[in-house]
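Novice: for reference, the sequence and a predicted model appear below.
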Amino acid sequence: MKSVAVYTDGACSGNPGPGGWGAILIYGERRREMSGGEPSTTNNRMEMTAIISALSALKEPCAVDLYSDSRYVLDAIDKGWAARWRRNGWMRNKKEPALNPDLWETLLNLLEVHDVRCHWVKGHADNPHNNRCDALAVAESKKFR
């Protein structure tokens, strides 16, 4: 199984508002940057879209080290919240629906294909890959202003 490092970030001007996402995939000496955006979205949706886009770009099952500054996404994966929301019909509890079920469904399906290990990185700090993803995401969000 190939080992790939994936760095992702999402940005949103307003929440909701114009948003963007950025991702970097690193396999050996190869490096691929990806980005995109939407005119009206949320920061969490952009964070998830970055991860989905990166994992979807992989052509075969891979061992992935995923680096993100999003506790929302990483905790929902690592602590099993998202899988529980799906089992409960996309409900967080008896009264509250889970947010972003469309993206969670896609992401959970991708997590069944790839062996993903999550790593939290501090946003806007000294990780050059995270900073580059942030720059890609912000640039995409500015296209919709």
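Specialist: Here it is on my side, so go on. A quick note: this is a predicted structure, and the numbers were derived from the prediction, not measured.

Novice: and for D9, the neighbour number?
Specialist: By other CB atoms under 10 Å, 32 other residues sit near D9. Heads up, the C-betas are built off the backbone N, CA and C, glycines and all.

Novice: hmm, who's touching the host helix or strand of S53?
Specialist: Assigned by DSSP states H and E, S53 belongs to helix 43-57. Contacts to helix 43-57, defined as CB atoms under 8 Å, 6 or more residues apart in numbering, come from residues 6, 8-12, 15, 19-23, 25, 32, 34, 36-38, 64, 66, 68, 70, 72-73, 99-100, 103-104, 106-107, 110-111, 113-114, 116, 133, 137, 141.

Novice: apply 7 Å and report the result again.
Specialist: Outside helix 43-57, the residues that touch it by CB atoms under 7 Å, 6 or more residues apart in numbering are 6, 8-12, 15, 19-23, 25, 34, 36, 64, 66, 68, 70, 72-73, 100, 103, 106-107, 110, 114, 137.

Novice: which residues are contacting stretch 97-112?
Specialist: 44-45, 48-49, 51-52, 55-56, 77, 82-83, 85-86, 90-92.
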